[in-house]
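Peer 1: pasting the structure only:
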Ligand SMILES: C[S@@+](CC[C@H](N)C(=O)[O-])C[C@H]1O[C@@H](n2cnc3c(N)ncnc32)[C@H](O)[C@@H]1O
């Protein structure tokens, strides 16, 4: 039986991402057919209107693709990216330096659940892309995010979900349960990294269930927008 306890989830997630960090970006592109980039770009379209000089926080920033994407908008003044995996952060830091974005992006080790050390009511925007389902507690993370956001601040979360339409859902589940784990484990050189992906997605709330968690944590103006037949969903909310 698989141990899905919060402690085990956090420990194994950190270990797995440390081990696959060197191949993570390439694997992402290969296994998603390049759609992952399109999904992250949705954050740019959802940025608050009529606001500038935004201070952003990206949780589970991994190899810094979201901080780098956000910096394509002139609305963004600075992005702090935090992640548990030091190896993912190292690769992210190299990308940030190659793009000469050190003045606008700071990457640091940290836990997206507790947000220890981050000041109250400081950020205008918090983003998470394909990270929150790995956290030991999504609810606790949402409460911490609420604490660090300014009143009215925006939360944008992109996370995997499952297509509602059974004509899409059945073949997708076959790919997701049987082909993707084998392909991912083979290409990453890690015995079970992509078995874990499939399990975390299927066990995680999505759609209205996830919006309910956001509401409980104090978010309003909630919106869930399905991406690519519902394979992923963009969740938006405002701290009230
Ligand atoms: C699938 S990757 C996503 C990376 C990046 N956001 C992206 O879109 O490519 C998940 C990331 O979550 C990080 N992670 C897992 N649990 C975490 C936690 N409690 N706090 C911060 N980062 C965490 C992992 O280390 C990994 O880098």
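Peer 2: Nice, thanks for sending it over. The structure presented is a predicted model; accordingly, all values stated were derived computationally and were not measured.

Peer 1: check the secondary structure at the residue in the chain that the ligand sits nearest to for me.
Peer 2: Residue nearest to the ligand within the chain: residue 62 (2.6 Å; CB to the nearest ligand atom). C-beta here means a position set from N, CA and C on the backbone, and glycine is covered the same way. Three-state call for residue 62 (DSSP: H, G, I helix; E, B strand; the rest coil): coil.

Peer 1: isn't it up against residue 95?
Peer 2: No - the criterion here is CB atoms under 8 Å, and residue 62 misses it with residue 95 at 10.6 Å.

Peer 1: these two: who's more crowded?
Peer 2: Shown here are residue 62 and residue 95; by other CB atoms under 10 Å, residue 62 has more neighbours (24 against 17).

Peer 1: can you name the next helix or strand after the longest helix that the chain contains?
Peer 2: For the chain, the longest helix by residue count, based on DSSP state H, is helix 6-32. Going down the chain from helix 6-32, the next helix or strand is helix 35-45, by DSSP states H and E.

Peer 1: what's the angle from that following helix to helix 6-32?
Peer 2: Between helix 35-45 and helix 6-32, the angle comes out at 100 degrees (axes from the mean of the first three to the mean of the last three CA atoms, to 10 degrees).

Peer 1: ok, then the element right after helix 35-45?
Peer 2: Helices and strands here follow DSSP H and E; after helix 35-45, the next one along the chain is strand 54-59.

Peer 1: parallel or antiparallel, which strands does that following strand pair with?
Peer 2: If you go by DSSP bridges, strand 54-59 pairs up with strand 76-83 (parallel), strand 123-129 (parallel).

Peer 1: next, format those as JSON lines and append distance to the ligand and mean neighbour count.
Peer 2: Below are those laid out as JSON lines (distance: least, CB to the nearest ligand atom, whole Å; neighbours: other CB atoms under 10 Å):
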{"stretch": "strand 76-83", "distance to the ligand": "4", "mean neighbour count": "22"}
{"stretch": "strand 123-129", "distance to the ligand": "4", "mean neighbour count": "25"}
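
Peer 1: next, format those as JSON lines and append distance to residue 224 and mean pLDDT.
Peer 2: Converted to JSON lines, these look like this (distance: least, CB to CB, whole Å; pLDDT from 0 to 100):
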{"stretch": "strand 76-83", "distance to residue 224": "24", "mean pLDDT": "98"}
{"stretch": "strand 123-129", "distance to residue 224": "14", "mean pLDDT": "98"}
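
Peer 1: which of those strands sits closest to residue 48?
Peer 2: Residue 48 lies closest to strand 123-129 among these, at 7.0 Å (CB to CB).
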